[in-house]
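Asker: How does the following fold in three dimensions:
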Amino acid sequence: MTDPRTGTAEPVILHRTPKSGHCHRVELMLRFLEIPYRTHDLDMAGGEHKAPAHLAISPLGQVPAIEQGAVALSDSNAICTYLIQRHGDAGQWLGRDPLEAAQVQRWLSVAAGEIAAGPCAARLVKVFGARLDHAAAVAASHRLFAMIEAHLDGRAWLAADRPTLADVAGYSYIAHAPEGAVSLAPYPRIRAWLGRIEALPNFIPMPRSPELA
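Answerer: Sure, this is the predicted structure:
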């Protein structure tokens, strides 16, 4: 989207809650792509995400959601893909050949599946009091982390020889896994990978919550 008055891209409005890893995923992508944006923090406890104004943007009442001109979009992975295709180097972030693109997509599926059921769910219990099976989420986290630790043997990044959307999609909930009582101590390669992401230009951290046993 381009503002006809200025000839520049219209800024993105990111509707979010600050301690959501899904929202942080989108904010990281905005930062890495150097896209102008502003945030609107929703009062989730007050039900703002279910109010008609937000449902007009995100019909399922989800965060994150974005607006950019006439575009309204929800779902973090869909938003990141849109931002890359609209504003970034699609090859760099989504894959420069069919195999890289498939690898990125694989890790997006992991983010929506195993990461959501593992470290995300464990953190939801400890930080937000969600009524989920914490022990099962912790066990799922460690199964996932053992796989990622092995995958990172000899690799710097998840899907390619450079950071891609795969790394952005995986970062937030893995970095904050200790807040859900999932230790990262047994996984030195994962910790090193997290450090490489945090060293990227324009990285922004997600607010931390106490690490709870």
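
Asker: CA atoms for contacts and neighbours, from now on please.
Answerer: OK.

Asker: list the contacts for the closest residue to P188 other than its chain neighbours?
Answerer: The shortest distance from P188 to any residue other than its chain neighbours is 7.7 Å, reached at E149 (Cα to Cα, 6 or more residues apart in numbering). Contact analysis of E149 by Cα atoms under 8 Å, 6 or more residues apart in numbering lists Y187, P188, R189, I190.

Asker: can you put those residues in a markdown table and add neighbour count?
Answerer: What follows is the contacts of E149, written out as a markdown table (neighbours: other Cα atoms under 10 Å):
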| residue | neighbour count |
| --- | --- |
| Y187 | 15 |
| P188 | 12 |
| R189 | 20 |
| I190 | 25 |
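
Asker: now, which of those residues lie within helices?
Answerer: P188, R189, I190 (DSSP state H).

Asker: ok, so of these, who is nearest S58?
Answerer: I190 (33.2 Å; Cα to Cα).

Asker: Show me which parts of the helix or strand that contains A135 are buried, residue by residue.
Answerer: According to DSSP states H and E, A135 maps onto helix 134-151. The neighbour-count check on helix 134-151 (16 or more other Cα atoms under 10 Å) flags H134, A137, V138, A140, S141, H142, L144, F145, E149, H151 as buried.

Asker: For the nearest residue to L94 once chain neighbours are set aside, pull up the helix or strand it's in.
Answerer: For L94, ignoring the flanking residues on the chain, the nearest one in space by Cα to Cα, 6+ apart is A101 at 5.6 Å. If you go by DSSP H and E, A101 is part of helix 98-110.

Asker: which other residues reach that helix?
Answerer: By Cα under 8 Å, 6+ apart, helix 98-110 touches N77, L94, G95, L158, A159, A160, T164, L165, A166, A169, G170.

Asker: Show the subsequent helix or strand relative to that helix.
Answerer: helix 121-128.
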